[in-house]
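**Student:** only geometry, no sequence info:
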C-alpha cells in the first residue's frame, strides 16, 4: 500500500496535541474512504435509525430479586428420609428380578407418569419427594435401556 492510501484509512498522528485528552491522534479530515465527512453518497440507500421503544413504569421486571421477595427455601432432607428413599428404590429394583426388564420398564414408566401428575397437582413442599420422583425416572430410564438392549435382534 502506498502512503496516501494508508493515511486515509488509519488516523494521522498529531504530535502537537500532546496535552489533549485524545493524546496525539487526529483523524484525517477526508474520512476513512476519502469522502468528506458531511457529504452523503446518493447511490447508497439511506437508512433511518430504528425508533427507541419506551416502556411504561412497572412493565419491565428487574433481573434481581426484590428485597420484599421471600428467600428461596433451601434443599434439605433428613437422613431418615434418604434411607426411606433408598429402601423404596431397592424394593422397586427387587420387582425387576421377579418380572423381567420389559414389563418392569412399562410398570416403572407408568409409575413415573402417575407420580409426575400427583406432584404437579399436589405441589408438595418436601424436597425428598422431588428426589424420589427423579429416582423413579432414573430407574425407568435404566430399565428401558436394559429392555432395549436385551431385545433379540
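**Tutor:** Happy to help now that I have it. Here the structure is a predicted model, which is why all the values come from computation and not from measurement. Numbering: from 1, shown residues only.
**Student:** now the element after the helix or strand bottoming out on mean pLDDT in the chain, going C-ward?
**Tutor:** Lowest mean confidence among the helices and strands of the chain (mean pLDDT, DSSP states H and E): strand 25-26, at a mean of 48. For strand 25-26, the following helix or strand on the C-terminal side (DSSP states H and E) is helix 79-99.
**Student:** could you pull up the mean pLDDT of that following helix?
**Tutor:** Average pLDDT, helix 79-99: 92.
**Student:** repeat that for stretch 110-121.
**Tutor:** According to the model, stretch 110-121 has a mean pLDDT of 95.
**Student:** residue 112 looks like it's in a helix, true?
**Tutor:** Yes: checked against DSSP: H, G, I helix; E, B strand; the rest coil, residue 112 lies within a helix.
**Student:** and it, how close does it get to residue 94?
**Tutor:** Residue 112 sits 18 Å away from residue 94, going by CB to CB, to the nearest Å. Quick note: C-beta positions are derived from backbone N, CA and C, even for glycine.
**Student:** name the residues of the lengthiest helix in the chain that are buried.
**Tutor:** As assigned by DSSP state H, the longest helix anywhere in the chain is helix 127-150. Across helix 127-150, burial judged by 16 or more other CB atoms under 10 Å covers 128-129, 132-133, 135-137, 139-140, 143-144, 146-147.
**Student:** of those, closest to residue 100?
**Tutor:** residue 147 (8.2 Å; CB to CB).
**Student:** quick one: the closest one and residue 101 touch, right?
**Tutor:** Yes: in this structure residue 147 lies within contact range of residue 101 using CB atoms under 8 Å: 4.0 Å.
**Student:** adding distance to residue 82 and pLDDT, write the buried residues of helix 127-150 out as a markdown table.
**Tutor:** What follows is these, written out as a markdown table (distance: CB to CB, whole Å; pLDDT from 0 to 100):
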| residue | distance to residue 82 | pLDDT |
| --- | --- | --- |
| 128 | 7 | 91 |
| 129 | 12 | 92 |
| 132 | 10 | 94 |
| 133 | 15 | 94 |
| 135 | 11 | 95 |
| 136 | 15 | 95 |
| 137 | 17 | 96 |
| 139 | 16 | 95 |
| 140 | 20 | 95 |
| 143 | 22 | 93 |
| 144 | 25 | 94 |
| 146 | 25 | 91 |
| 147 | 28 | 92 |
